[in-house]
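**Q** Okay, sequence plus prediction incoming.
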Amino acid sequence: MLISWNLLNDILTIPASLQEVAERLTLTGCEVESVDYPCALLKDVRSARIEKMERHPLKENLFVASVHDCAGSALVVTAAPNLSAGDIVPWGRPGAVLADGAVLGVRDFDGVESCGMLLSAAELGIPEAADEFGILRLPSETAPGEDVKRLLGLDDAILDLSVTPNRGDLLSMLGVAREVFALFPEARWKKDLASFPANGKNAQWPVEFRGISLQDDGCPLYCLGLITGLRSGPSPLRTRIMLTLLGMRPISAMVDATNLAMLMLGQPTHAFDAGRLASPEITVRSARAGEETRTLDGKSHKLEPGDMLITSGGLAVGIAGVMGGENSEILESTRNVFLESAIFDAIRVSRTSRRLGITSEAAFRYARIVDAKITETSLQYIFSLLEEWGAAEAGYSVLRASTKLPEERTVSLTRSSLKKILLTEDMEEAA
């Protein structure tokens, strides 16, 4: 499990260094296998505004950009076709260091001296965060002269945690933050992701939907949200970078929002193109012997009765807790989305995932038990992200169906049981 040190500090005020946190996590059973600084070599890259773009006087495939970073102006030669006057871009002046360790200087391009380089996402060490070919364009509100490494969160440290099968609660930023909070009594919460406010509680759905049917006791809770007016496009640059640093490939605003929610809260979700479903309803049932379905990875799978399916109009649109179906995939043309957040039986998801050879991030978490208290919260989190990014509208009530959820229990902790489990009788320290 990869954890962002920057994100952890956004959630908590931590009265300890990264090294102290890593050591204490390891000592208490959550081993930190490594600490990586993905962009450690990157240095002295600043944001700059392009004041003028002209063709190179001798080279048709090159452009000459006049750039300004508050410390002064200079000419930089580039082959990138995606730039125009007014764009804010990363500029490495002579002496700046790229992510691969290369040191920039002054270079002559047929009579035009280029002072350093305008940089792409790859040269910053985050190739998958790019949303277009060419130089990385920074948000338009970025002021010239900003330290790009700090501005984009490239100064982050990534902790790789070895999470044991009984600690599924640590498969999220929220879970690790709770662990750190318990280990450092002086720590203080900055934001409580677990109590994310409900959005559009009383708004009725403007599209036809006939309900949720739970026909398999392996799904005790199923929540469904509605997103309308989805606009195809990328998520914000900082989000794409964070996903990249945490080992996930940015795809689109819709997909990135669901992946970010899973990384932050630990709850897998899945988005269905509402217009591609066979019927305006969702049913969770057991697979029939010999039934087949084709998943998002383009592979067909032969199912067994122990597998759980998400269906619409009798047709499978996803393997519950494992992977969604290709026939309801979000496309560029998708406008209305049904967003699933549910609880599925851990053992059955694990067996299906292993038998079919599908090692998805969702299955990994479901196999280690997901907290039912964040099922609906995760939907509200995603709704708010999409609205904040201007990618969709989501002010509608969440539909909910449930069977028998585990009852909350109060567990008494005694001195003798504490000694048996942790070999200590210090009740005050245990609290």
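**A** Perfect, I can see it now.

**Q** got the CA positions of stretch 150-160 in CSV?
**A** The C-alpha trace of stretch 150-160 is given here as CSV (Å, rounded to 0.1, in the frame of the first residue of the first chain):
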residue,chain,number,x,y,z
ARG,A,150,6.5,22.2,-4.4
LEU,A,151,3.6,23.6,-6.4
LEU,A,152,2.7,20.2,-7.9
GLY,A,153,3.5,18.1,-4.9
LEU,A,154,6.6,16.6,-6.5
ASP,A,155,8.4,17.1,-3.2
ASP,A,156,6.4,14.2,-1.8
ALA,A,157,7.7,11.1,-0.1
ILE,A,158,5.9,7.8,-0.7
LEU,A,159,5.8,5.2,2.0
ASP,A,160,5.3,1.5,0.9
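
**Q** Show me what the strand or helix carrying Ile347 packs onto, helices and strands only.
**A** Assessed by DSSP states H and E, Ile347 sits inside helix 346-356. Identification of packing neighbours for helix 346-356 by 3 or more Cβ pairs under 8 Å, 6 or more residues apart in numbering; DSSP states H and E yields strand 308-312, helix 361-366. The C-beta positions use only the backbone N, C-alpha and C, and glycine is treated the same way.

**Q** okay, these in CSV with mean neighbour count, distance to Thr377 and mean pLDDT next?
**A** Putting the helices and strands packed on helix 346-356 into CSV (neighbours: other Cβ atoms under 10 Å; distance: least, Cβ to Cβ, whole Å; pLDDT from 0 to 100) gives the following:
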stretch, mean neighbour count, distance to Thr377, mean pLDDT
strand 308-312, 24, 21, 98
helix 361-366, 21, 15, 96
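
**Q** which one of these lies closest to Ser17?
**A** Ser17 lies closest to helix 361-366 among these, at 29.3 Å (Cβ to Cβ).

**Q** center of the chain - which residue?
**A** With distances taken as Cα atoms, centre = their mean, Leu260 lies nearest the centre of the chain, 2.4 Å away.

**Q** Check the gap between Gly321 and Ile251 for me.
**A** 20 Å (Cβ to Cβ, to the nearest Å).

**Q** Now for Leu174: which residues touch it?
**A** 11, 193-194, 264-266, 374 (Cβ atoms under 8 Å, 6 or more residues apart in numbering).

**Q** The same query, at a cut-off of 6 Å, please.
**A** 193, 265 (Cβ atoms under 6 Å, 6 or more residues apart in numbering).

**Q** repeat for Ala346
**A** Neighbour list for Ala346: 367, 369 [criterion: Cβ under 6 Å, 6+ apart].

**Q** For it, report the pLDDT, please.
**A** Confidence at Ala346, expressed as pLDDT, is 96.

**Q** How about Pro406?
**A** At Pro406, the model reports a pLDDT of 65.
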